[in-house]
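Chemist: Provided below for reference: sequence and predicted model.
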Amino acid sequence: MSELIVLIMAAGKGTRLKSSLPKVLHLLAGRPLLEHVIRASSPLRPTETLVVVGYEAKSIKTRFADFRSLVFVEQVPQLETGHAVQLALPLLKQHRGTVLILSGDVPLISTPALEKLIATHRKGGSSATLLSTMLEDPTGYGRILRNSQGTLDRIVEQRDANSQQQSVREINTGTYCFEIPELCDVLALLSANNSQKEYYLTDCIGLLRERKKVVSAVVCEDPLEVSGVNTRMDLARLEQIVRDRKLQQLMADGVTILDPNSTYVTPDVQVGKDTILYPNVFLEKESSIGSGCQIYPNVRITQSILEDNVLVLDGSVISESHIQSNAQIGPFAHLRPHSRIGKKARIGNFVETKNTQLGDHSKASHLSYLGDAQVGEHVNIGAGTITCNYDGTAKHQTVIEDRVFVGSDSQLIAPVTIHQSAYIAAGSSIDQEVPPDSLAIARSQQINKENWAKTRVRRKE
Ligand code: UD1
Ligand code: CA
């Protein structure tokens, strides 16, 4: 098998997006455009993946720092796609075989489509093979020009096409295979002989043809798969497509979605059967929702695990947390990162948790903040209980053991431990360890001044 190198062009600014963010960092289904392209090509197991960056190169490199196998090539200034590949030549020349050139702004490209392109390229012994597609409205794309026998001749860009060429509906998707030595030969010949005075990679096709090399085109049947993102409208259109596909797959797998038009689930989310999603629900990142759950309106769940039969009531936000089966959350609860809620536990309205574990059957039903807390099983956290976890410098832990009852409106001043089966009297400020089975009262004594009100009225008169 000959070697495969992947080269992704991602140096452009994306002028038509009118953004200070480089185009390939714009998000589609919660992921940068470039990440979609990387994910589609990595199963091909290339020897190397080169990414040409230029505009805001640093922010792209930072964003992809975890993708250790990528090799970045810098293109400054950006003199078009041919120039981008020219700058990668020193690295490309170290390899023989095939280079698969992809555009960082064609995010829905699939691995099977790429496999088919490579297979056709190699089987045909071609110097270059490109992926084309037929569009109802080809405006903006490079057009595929074929000769009278129907063989690929060259590509003409929209801005350089005459009106007859503009009527061609077959377009260049910006996805190509080239044999590396032949690509090197013609890249050296590219001239900026076009309306923009720039170096078009697309001209390499015509140059190879003139040299009697075999060039071919594979037509991609699904134009959506090879849609480029050039404008915010394109971005919204593709977002809708990705979303519809995901929702359809979930419904086919047994998830009830009341209103698909207002439900947002990103591709990596899993949802079990018989779960019901109400309108305005957002499920994001690698969240996993069990079966038989009910997620009520206006809920956002990010990077979290919900086991089976969890009920999430209206207006709740859950991030990087784990909720065990049959628990109930909300309405209006905020579970911040590293919250772990036990089986049949309950987090009620206006309760916030962070880095907190709440044991099985425990409840914090109203108006509480639990931060850096370790709460056991069968604990009752009364309304308005606050863990005072931050002293202005460091965070401290509150430990509440099994079967503790915390009376309403108490403050637990961390670090502090309340041992099992203890009671905290309502309105207490607890800053000392509470022994097991005891009652801690930490509030000022009540004084009743009898007849005080009557004397006050008399004084007024
Ligand atoms: C390009 C093709 C066009 C094709 C279309 C498909 C050329 C000349 N034209 O046009 O035939 O129909 O894609 O979507 O190739 N880039 C660089 N360096 C540059 C310029 C661009 O790396 O100097 C990158 C961009 O970041 C982007 C990709 O190349 O990811 C395509 O660039 P773009 O400017 O969007 O090209 P199109 O005008 O869409
Ligand atoms: Ca484009």
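Modeler: Good, I have the coordinates. Numbers count the residues shown, from 1 in each chain. Ligands and ions are numbered 1, 2, ... in the order given.
Chemist: what about the residue nearest to L92 when sequence neighbours are not counted, how many residues close to it?
Modeler: Spatial nearest neighbour of L92, chain neighbours left out: I180 (5.6 Å); criterion: CB to CB, 6 or more residues apart in numbering. The C-beta positions use only the backbone N, C-alpha and C, and glycine is treated the same way. When neighbours are counted by other CB atoms under 10 Å, I180 registers 19.
Chemist: Repeat that for R159.
Modeler: R159: 10 neighbours (other CB under 10 Å).
Chemist: ok, and the closest non-adjacent residue to it?
Modeler: Nearest to R159 is S195, by CB to CB, 6+ apart, at 4.9 Å.
Chemist: Report pLDDT for the one you found.
Modeler: Here the pLDDT value assigned to S195 is 75.
Chemist: ok, now how distant is it from Q86?
Modeler: 20 Å (CB to CB, to the nearest Å).
Chemist: Between those two, which has more neighbouring residues?
Modeler: Taking other CB under 10 Å, S195 and Q86 do not tie; Q86 has more neighbours (20 against 10).
Chemist: who's in contact with the closest residue to the more buried one other than its chain neighbours?
Modeler: Distances taken as CB to CB, 6+ apart put L187 closest to Q86, at 5.3 Å, once the chain neighbours are dropped. Residues near L187 by CB atoms under 8 Å, 6 or more residues apart in numbering: 82, 85-86, 89, 204.
Chemist: ok, now L135?
Modeler: Per CB under 8 Å, 6+ apart, neighbours of L135: 141, 169, 171, 223.
Chemist: Need the three-state assignment for the first one.
Modeler: Spelled out, that is Y141. coil (DSSP: H, G, I helix; E, B strand; the rest coil).
Chemist: Ligand 2 contacts on this structure?
Modeler: Within the chain, the positions near ligand 2 by CB under 5 Å from the ion are 105, 228, 230.
Chemist: returning to what we had before: filter the contacts of L135 down to the ones close to ligand 1.
Modeler: 141, 171 (CB under 6 Å from any ligand atom).
Chemist: and of the residues of the chain next to ligand 2, the nearest to P435?
Modeler: D105 (64.9 Å; CB to CB).
Chemist: any low-confidence regions in the stretch 1-150 of the chain?
Modeler: 1 (pLDDT under 70).
Chemist: show me where it has strands.
Modeler: Applying DSSP state E, counting those that start in this stretch to the stretch 1-150 of the chain gives strands spanning 4-9, 27-28, 31-32, 48-53, 70-74, 98-103, 128-134, 143-146.
Chemist: Would you format the ones you listed as JSON lines with mean neighbour count and distance to K18 included?
Modeler: Shown next, in JSON lines, are the strands of the stretch 1-150 of the chain (neighbours: other CB atoms under 10 Å; distance: least, CB to CB, whole Å):
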{"stretch": "strand 4-9", "mean neighbour count": "25", "distance to K18": "21"}
{"stretch": "strand 27-28", "mean neighbour count": "18", "distance to K18": "16"}
{"stretch": "strand 31-32", "mean neighbour count": "20", "distance to K18": "18"}
{"stretch": "strand 48-53", "mean neighbour count": "23", "distance to K18": "20"}
{"stretch": "strand 70-74", "mean neighbour count": "16", "distance to K18": "24"}
{"stretch": "strand 98-103", "mean neighbour count": "25", "distance to K18": "20"}
{"stretch": "strand 128-134", "mean neighbour count": "24", "distance to K18": "27"}
{"stretch": "strand 143-146", "mean neighbour count": "20", "distance to K18": "26"}
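Chemist: Q248 in helix, strand or coil?
Modeler: Under three-state DSSP, Q248 comes out as helix.
Chemist: State the distance from V214 to ligand 2.
Modeler: When CB to the ion, to the nearest Å is the yardstick, V214 and ligand 2 sit 27 Å from each other.
Chemist: Quick one, which of the contacts of L135 are buried?
Modeler: 141, 171 (16 or more other CB atoms under 10 Å).
Chemist: Restricted to strands, list the contacts of L135.
Modeler: Using DSSP state E, I171 are the members of those that sit in strands.
Chemist: quick one: stretch 189-197 to chain centroid distance?
Modeler: Taking the mean C-alpha point of stretch 189-197 and that of its whole chain, the gap between them comes to 38 Å (CA atoms, centre = their mean, to the nearest Å).
Chemist: do that stretch and ligand 1 meet?
Modeler: No: Stretch 189-197 lies apart from ligand 1 when judged by CB under 6 Å from any ligand atom; the minimum separation is 8.6 Å.
Chemist: who are the neighbours in contact with I118?
Modeler: 4, 44, 98, 100, 177.
Chemist: Ligand 1 versus R169, what's the distance?
Modeler: Distance of R169 to ligand 1, computed by CB to the nearest ligand atom, to the nearest Å: 12 Å.
Chemist: Any figure for the gap between that residue and ligand 2?
Modeler: R169 is 18 Å from ligand 2, by CB to the ion.
Chemist: show me the contacts for that residue.
Modeler: 134-136, 138.
Chemist: One more pass at 7 Å, please.
Modeler: By CB atoms under 7 Å, 6 or more residues apart in numbering, the contact list for R169 reads 134-135, 138.
Chemist: State the number of residues packed around M233.
Modeler: Residues near M233, counting by other CB under 10 Å, number 10.
Chemist: name the element it belongs to?
Modeler: helix 232-252 (DSSP states H and E).
Chemist: List just the nearest of the contacts of L135 to ligand 2.
Modeler: The nearest member of the contacts of L135 to ligand 2, counting by CB to the ion, is Y141 at 8.2 Å.
Chemist: Of all the residues in stretch 9-22, which ones are buried?
Modeler: 9-12, 14, 17, 21-22.
Chemist: Rebuild the contacts of I118 as a markdown table, extending it with distance to Q165.
Modeler: Below are those laid out as a markdown table (distance: CB to CB, whole Å):
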| residue | distance to Q165 |
| --- | --- |
| L4 | 33 |
| L44 | 33 |
| T98 | 29 |
| L100 | 27 |
| C177 | 24 |
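Chemist: So which of these is the closest to Y390?
Modeler: Among those, L44 lies closest to Y390 (CB to CB), at 49.3 Å.
Chemist: State which one residue of this structure is found closest to ligand 2.
Modeler: G228 (3.8 Å).
Chemist: Tell me how far the nearest residue to S291 once chain neighbours are set aside lies from S410.
Modeler: Closest residue to S291 apart from its sequence neighbours, by CB to CB, 6+ apart: G272 at 3.0 Å. From G272 over to S410 the distance is 38 Å, taken as CB to CB.
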